[in-house]
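>>> Just the structure for this:
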Amino acid sequence: MKISTPTPSSRSDELLKRGIDRLNAEQYALAESLFREILAQDPRHVDAWHQLGVALARQTHYAQGEQAIRKALSMGESGALQRDLAWTLLWQGRDHEAIEAYFAAINLGVREARMFNNVGNLLKKHHDVTHAEAAYRAAIEIDPAYAFAHGNLAVLQQEAGQYEAAEASLKRALELEPKSAHFWQCYGGLLERLNRPEEADEAYCRGGRWESAQYVRRRVAHWRDLDKIDAAALDMVASGAAENLTPWGLLGIPALTPALHREAGRRFAQSRWRGELAAPPLVARGAGLADALAAFAAGARLRIGYLSADFHDHATLRLLAGVLELHDAARFDIHLYSYGEAAPDAAWRERLAALPATLHEIGALADARAAAKIAHDGIHVLVDLKGYTTGTRLGITALRPAPMIVSWLGYPGSLGAPRLADYLIGDTVVTPPSAAPFYSETLALMPHCYQPNDHRRRCGPRPTRAEAGLPERGFVFCSFNQTFKLNAQVASVWCRLLAATPGSVLWLLDPGSERAQANLHNFFEAKGVAPMRVIFAKRLPQEAHLARLQLADLALDTLPTGSHTTGSDALWAGVPMVSALGSLFAGRVGASLLHAVGLDTLVARDLDTYFQIALALASDPAWHAQIRKRLAAAKADAPLFDTARFTRDLERLFVAIVEREAKGGEGGGAVVLGA
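As a prediction, the model looks like this:
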């Protein structure tokens, strides 16, 4: 019997089949070697180049994968090649090229639901909502059972305010994939927005999204069974079990550690901006800073860019306004990059327009174009003011549009991804140098407090206690923190204070939810506190709020996340505050504020000491009067309220970190600015 010798063609076919089998089995390195063996024999084997590109991309070698697929395309056009080229471009953060490749695949006849869904995601990301919706609907038309397209369409509808349609789309997605944690997360978020917290809680729990379940429960003061849910949420962080696990929502968990918080930030960044983080930087770190520093020494200006959604009306920026007004325009060229909505308040618009700064409205620009604009403007130091707070667009900073990026003010913690920010501005209380291992950023420490105050904030006329809904007599404890910062441990201390101070009341910010009010009243009643002693204050404009705040006798800080702008508000209104030093940045802000106003004696080492200090102030009118007198005097000269001094310190800090970068980033683990 004659045995035939395999031809090169049949040998290649066999290797190609084996390689594709290995690809499907996720044995990518073995598949790569098989495709390379084919190409060693036949360098013009189109399918081998194609599949080699896929194998490389599957191993996250996206640029090499792109090269291999382009080699195949040079030998002949095909829709499948354009589709897979788009995928390699997508993961390199080259969105516009990816969109072009996807459309080329469509024009060449590719009709796959997954591909149209990917196109929709890219178009949505770049604010082309109309065509994104069309792409999702095309995916659904091709495969009505493709759950991801229903889910993504729902997100698009929710963002457009089409809540009924969004709910219908999400329900359809959940019918198709009832165990999808992602869809339950999206549905819970929609229900929260619709102010249906009980249903949101159920949705999060059904999807095992424990980090969101604990947050929505804290928002309505539903504190039962939180220990188990908290533990499950932190386990999700440690194991990386869930993508898009927002670090901000974890801050109410007492057992959250600085290390876990940083890890949550890292994982969130990788899941949310993977492509941008992988893209070549628009500007290399430190590029041009030595020249900028030399020019600055000769009288030129450093260009500082502030990036935020909140320039028009937000508590954080109301604190920052004074700094923006007092920047030295002869030495610093200030640029504001705003992706928020226009200012609704005429007085605020007028003040914003008068700032010695150039305002750039970039809300209509996609992240890549916004980043390109910042790079074109030649910003030396870009300061992100949002971090992981609502509405953030860190995709802009991930593309590295400036030689140095700083995280400041909006988010109390590490972003976790070194590429998102090089420095984090703190102070020696909120971010002591010993805490440096818990930050992906280099710490840049202000001499007094990292948080500014607006010297032009006004308090309206002080109302009567009756007008504010308070009894005519009795000591007034207050906490105007958001409800999610409250918890059973801290509230129990407050109950002890109320019990030990006859006639006193607790003044809380109205949580905006009848259920939350009922839960709080039920908790306090169970601890022996009558409902009439817990009073809720309606939300008011800033000036009116500061006016009524003067009626309080003592502000009570919270843990593990404490008072930030609410703490500054209380101290500005002349109300002393008792705080305790937490382990997280977010739990040390109150202590920093008190330090900067000269009231370190009101900072406790633990909650028992916190109780003793608060009780002593409530029981000793003379000491209380002395503290209020010191606070009133501090308003005129304390570092916390000296906006001009703060601004000069901030400018010195910017120069110090530019100098550090100009020398290659050397100089230790933190930049500590002396007083």
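>>> which outside residues touch whichever strand or helix holds residue 217?
Element membership for residue 217 (DSSP states H and E) is helix 210-219. The contact list for helix 210-219, computed with CB atoms under 8 Å, 6 or more residues apart in numbering, reads 185, 188-189, 192, 197, 200-201, 204-205, 223, 226, 229-230, 232-233, 236-237, 242, 245-246, 249-250, 252-253, 482-487, 511, 513, 516. The way it works is simple: take the backbone N, C-alpha and C, and place the C-beta from them, glycine included.
>>> What's the first helix or strand after it?
Later in the chain than helix 210-219, the nearest helix or strand by DSSP H and E is helix 226-239.
>>> Show me what that following helix packs onto, helices and strands only.
helix 210-219, helix 258-272 (3 or more CB pairs under 8 Å, 6 or more residues apart in numbering; DSSP states H and E).
>>> Need the mean per-residue confidence for the helix ranked longest in the chain.
Counting residues, the longest helix found in the chain (DSSP state H) is helix 643-662. Throughout helix 643-662, pLDDT has a mean value of 96.
>>> Give me the residue at the spatial middle of the chain.
Of all residues in the chain, the one closest to the mean position by CA atoms, centre = their mean is residue 388, 0.5 Å from it.
>>> for the stretch 551-675 of the chain, which spans come out with low pLDDT?
666-668 (pLDDT under 70).
>>> can you give me the helices in it?
Secondary structure of the stretch 551-675 of the chain by DSSP state H, counting those that start in this stretch: the helices cover 565-572, 589-596, 607-619, 621-637, 643-662.
>>> quick one, which of the ones you listed is packed in tightest?
The highest average neighbour count among these, using mean count of other CB atoms under 10 Å, belongs to helix 589-596 at a mean of 28.
>>> quick check: angle from it to helix 621-637?
Orientation check (axes from the mean of the first three to the mean of the last three CA atoms, to 10 degrees): helix 589-596 against helix 621-637 gives 80 degrees.
>>> list the helices and strands helix 589-596 packs on?
For helix 589-596, the packing partners by 3+ CB pairs under 8 Å, 6+ apart come out as helix 565-572, strand 577-580, strand 603-604.
>>> For the chain, just list every one of the strands.
Under the criterion DSSP state E, strands of the chain are mapped to 302-308, 332-338, 357-361, 381-384, 405-407, 423-427, 442-446, 476-479, 505-509, 534-537, 554-556, 577-580, 603-604, 670-672.
>>> Show me which positions of the helix or strand bottoming out on mean pLDDT in the chain end up buried.
Every helix and strand of the chain was ranked by mean pLDDT, DSSP states H and E. The lowest is helix 346-353, at a mean of 75. Across helix 346-353, burial judged by 16 or more other CB atoms under 10 Å covers 348, 352.
>>> hey, C-alpha coordinates of it in PDB?
What follows is helix 346-353, C-alpha atoms only, in PDB (Å, rounded to 0.1, in the frame of the first residue of the first chain):
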ATOM      1  CA  ALA A 346     -27.300  84.200  37.900                       C
ATOM      2  CA  ALA A 347     -25.100  85.400  40.800                       C
ATOM      3  CA  TRP A 348     -23.000  82.300  40.500                       C
ATOM      4  CA  ARG A 349     -22.600  82.700  36.800                       C
ATOM      5  CA  GLU A 350     -21.500  86.300  37.300                       C
ATOM      6  CA  ARG A 351     -18.900  85.300  39.800                       C
ATOM      7  CA  LEU A 352     -17.700  82.500  37.600                       C
ATOM      8  CA  ALA A 353     -17.300  84.800  34.600                       C
END
